[in-house]
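Novice: quick one: sequence plus predicted model below, questions after.
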Amino acid sequence: MRREPFGMSAGASRLSASERASDGGSRYRLRDLFTPLDTLLASGGDPRLALDPNDRVNAYGCAASPEPELWNFASATASTISQMAYDRAALAREELMHKCLFDEVEIAFDARCEDMREELRGHLALSSRIDVVFSPSGTDSQLHALFVARAVLGAAPVTIVVGADQTGSGTPHTARGHHFSTMTAGGMAVRKDGAVTGLAGDSIAVPLIDMAAGIAMRTDADAAVLHAVETSLAQGRRVLLQIMDSSKLGWRAPSEACLDEIARRWPRKVQIVVDACQARLGRRRLRAYLDRGYMVLITGSKFFGGPAFSGALLLPKGLSRSIGRMSRIAPGIFDYAGRCDWPVAWTMLRSRFERRPNFGQWLRWEAALAEIGSYYAVPGAFRARMLAELAAGIDSMIALSPSLRAIPTAIDKSSADDEEFVQATIFPFTLLRGGKPVSLAETSAVHRALACDMAEEISGSAADRQVAAQRCLVGQPVRLERQDGAPQAVLRLCVGARLVTEAWSPDTMQAQRNVQHVLDRIAHVLVKIELLLDRGAVAAVPTKSAFEV
């Protein structure tokens, strides 16, 4: 097996191992920084990030450079990079190049990563006592969480995944300490679903969807979680409980009462990690999770709208002491992290990892931090008001459409900790024709057609063709299995941070016009869906899987 440097995608380099050694490594990595920015932004990740050689988009339909003409309502999946974020990534690369004139690449890069940790904590209003572990994706961060949990619990835990039917496709693998792809972000070829050496274990899935109730959240979710925890502990095993906030459909589980019961009955036997990769939770709630000793998985590429992929594991300070005492390290984790991913205070752990900067991961986080900072620079009152107006408008539009059926919200988010996220920001729906759900294949085709100029395939008025011509992204279809029927697929309209950032204006009237402009675009997207279903135009779209990857 051949390992490529973190800074480049697999196969991008032509230097042999001996050439790299004679080059001293540092100058070789510096040359990587002169790679075209688009190439760097698409590097240092697993194959989902690779650009298709024909249309130059990744598995989520996103290019590596800005596409301002493409309307983006797909933040539950991935977003195109904004010009603002792209410019920050370009400037960050120039600044690092300048610093490398006076210091080694790895030293300058390490310092920049530490600065980003501090910046992220600042944007999220977190204490400096919170540790941040960066990764190429939320899926990689799940493996980091499992690695940390083994140190905290003192044994290999069984992972209980709440919402296993609404999390990333890699989770069934990472929950068991297995490889989730055929290639790691470090360029190491691996066998998908093969064991990560030293991390392999068991997992238990707790699904949330009750298909018998018409795609609704099961009413016994808390009981199912408690039963899974109790059964595992009775077998003498420790538990890593991965809870959901929020899922692909915007759901949260289990309840706070259930978590309180777990803490009361089984102290120090269950380590909780919150899957908050969607980043659709208030900062007060985020702090509350960390204050309770939970680990938290986040990304900068979902709600915040940074480019895919950018993952992070947030750790309360108490857990970092367990890391400091770690004497044995699972060998497989070396394929999923470099020295700069870990906080500088973790000197013993860091010393075991290679000094190999992942320039792609770093630049995607630079871009994401631009989006996060811009979002929280908008006054909180406007953020809350705009999300409320968009939620009311989208709910109304979906309800009025004869071809769309909304999926109900699973839980009432009425806590003060939810802040602006008391409002839904993911709006899932099924497609209908004649009152019946359309097939999986046609739902997938509609999703692809939305991202294409379909004016030539739509017969009708000039206004219809103008609607069909607009390219737009919505959340990729989510496949839902049914026990006694054909599976269904759900599309999602998603409200992301960038919509709020771009709408904000200190001029109240202008801000209101901007919000209305967003609602008009959403109405346009729904009309295009109606046209595609009515005119059968999706048959002209090339066949390609569009389901959440």
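Specialist: That came through, no problem. Numbers count the residues shown, from 1 in each chain.

Novice: tell me which stretches of the stretch 251-400 of the chain form strands.
Specialist: Secondary structure of the stretch 251-400 of the chain (DSSP state E, counting those that start in this stretch): strands at 252-253, 270-275, 295-299, 311-315.

Novice: and those strands as CSV, adding mean pLDDT and mean neighbour count?
Specialist: Yep, even glycine has a C-beta here, placed from its N, CA and C like the rest. Putting these into CSV (pLDDT from 0 to 100; neighbours: other C-beta atoms under 10 Å) gives the following:
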stretch, mean pLDDT, mean neighbour count
strand 252-253, 96, 24
strand 270-275, 98, 24
strand 295-299, 98, 26
strand 311-315, 97, 26
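
Novice: below-threshold pLDDT in the stretch 1-150 of the chain: ranges please.
Specialist: Along the stretch 1-150 of the chain, the model assigns pLDDT under 70 to residues 1-28.

Novice: how about residue 501, secondary structure?
Specialist: helix (DSSP: H, G, I helix; E, B strand; the rest coil).

Novice: that one - how many residues pack around it?
Specialist: By other C-beta atoms under 10 Å, 22 other residues sit near residue 501.

Novice: check the gap between it and residue 450 for me.
Specialist: Going from residue 501 to residue 450 by C-beta to C-beta, to the nearest Å gives 23 Å.

Novice: repeat that for residue 499.
Specialist: Going from residue 499 to residue 450 by C-beta to C-beta gives 17 Å.

Novice: for residue 527, same thing?
Specialist: Distance from residue 527 to residue 450, by C-beta to C-beta: 11 Å.

Novice: next: residue 515.
Specialist: Residue 515 is 22 Å from residue 450, by C-beta to C-beta.

Novice: who has more neighbours, those two?
Specialist: Neighbours per residue, other C-beta under 10 Å: of residue 515 and residue 450, the larger number sits with residue 450, 26 against 21.

Novice: neighbours of the closest residue in space to the more buried one that isn't next to it in sequence, how many?
Specialist: What sits nearest to residue 450 in space, not counting adjacent residues and going by C-beta to C-beta, 6 or more residues apart in numbering, is residue 472, at 5.2 Å. Neighbours of residue 472 under the rule other C-beta under 10 Å: 19.

Novice: can I assume residue 472 is in contact with residue 449?
Specialist: No - if you go by C-beta atoms under 8 Å, residue 472 and residue 449 don't touch, sitting 10.1 Å apart.

Novice: name the element residue 204 belongs to?
Specialist: Applying DSSP states H and E as the criterion places residue 204 in strand 203-206.

Novice: packing partners for the helix or strand that comes right after that strand?
Specialist: Sequence order places strand 209-210 as the next helix or strand after strand 203-206, per DSSP H and E. Judged by 3 or more C-beta pairs under 8 Å, 6 or more residues apart in numbering; DSSP states H and E, strand 209-210 is in contact with strand 216-217.

Novice: and for residue 50, the neighbour number?
Specialist: 16.

Novice: quick one: it and residue 520, what's the gap?
Specialist: 35 Å.

Novice: one more: residue 323?
Specialist: Counting by C-beta to C-beta, the gap from residue 323 to residue 520 is 50 Å.

Novice: who has more neighbours out of these two?
Specialist: residue 323 (20 against 10).

Novice: contacting residues around the more buried one?
Specialist: 148, 151, 346, 349 (C-beta atoms under 8 Å, 6 or more residues apart in numbering).

Novice: can we see that at 10 Å?
Specialist: Neighbour list for residue 323: 131, 133, 147-148, 151-152, 315, 342-343, 345-346, 348-349 [criterion: C-beta atoms under 10 Å, 6 or more residues apart in numbering].

Novice: then residue 74?
Specialist: The neighbourhood of residue 74, defined by C-beta under 10 Å, 6+ apart, consists of 60-62, 80, 302, 305, 447, 450-451, 472-476, 491-494, 496.

Novice: please apply the same query to residue 192.
Specialist: Counting by C-beta under 10 Å, 6+ apart, residue 192 makes contact with 170, 173, 178, 179, 180, 181, 182, 183.

Novice: chain neighbours aside, what residue packs nearest to it?
Specialist: If you skip the residues right next to it in sequence, residue 192 has residue 182 as its closest partner in space, 5.1 Å away by C-beta to C-beta, 6+ apart.

Novice: verify the stated contact: the one you found with residue 50.
Specialist: No - counting by C-beta atoms under 10 Å, residue 50 is not a contact partner of residue 182; they are 11.6 Å apart.

Novice: in the stretch 401-549 of the chain, which ranges drop under the pLDDT threshold?
Specialist: For the stretch 401-549 of the chain (pLDDT under 70), the answer is 410-414, 484, 537-549.

Novice: where do the strands sit along it?
Specialist: Counting by DSSP E, counting those that start in this stretch, one finds strands in the stretch 401-549 of the chain at the ranges 404-406, 426-433, 436-437, 472-480, 488-494.

Novice: need these in CSV (columns: distance to residue 37).
Specialist: Shown next, in CSV, are the strands of the stretch 401-549 of the chain (distance: least, C-beta to C-beta, whole Å):
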stretch, distance to residue 37
strand 404-406, 39
strand 426-433, 31
strand 436-437, 43
strand 472-480, 22
strand 488-494, 26
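
Novice: do you know which of these lies nearest residue 68?
Specialist: Among these, strand 472-480 comes nearest to residue 68, with 12.6 Å by C-beta to C-beta.

Novice: send the alpha carbons of the closest one over as PDB?
Specialist: The C-alpha coordinates for strand 472-480 follow below in PDB (Å, rounded to 0.1, in the frame of the first residue of the first chain):
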ATOM      1  CA  CYS A 472     -30.300  24.800  -7.800                       C
ATOM      2  CA  LEU A 473     -29.300  22.300  -5.100                       C
ATOM      3  CA  VAL A 474     -31.400  20.800  -2.400                       C
ATOM      4  CA  GLY A 475     -30.500  18.100   0.100                       C
ATOM      5  CA  GLN A 476     -29.700  14.800  -1.400                       C
ATOM      6  CA  PRO A 477     -32.500  12.200  -1.300                       C
ATOM      7  CA  VAL A 478     -32.600  10.100   1.900                       C
ATOM      8  CA  ARG A 479     -33.700   6.500   1.300                       C
ATOM      9  CA  LEU A 480     -36.200   5.200   3.900                       C
END
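
Novice: to what extent is residue 506 buried, counted in neighbours?
Specialist: Neighbour tally, residue 506, other C-beta under 10 Å: 8.

Novice: which phi and psi does it have?
Specialist: The phi/psi pair for residue 506 (degrees, to the nearest 10) reads phi -70, psi -20.

Novice: can you list the weak-confidence ranges in the stretch 251-400 of the chain?
Specialist: For the stretch 251-400 of the chain, applying pLDDT under 70 flags the ranges 324-325, 327.
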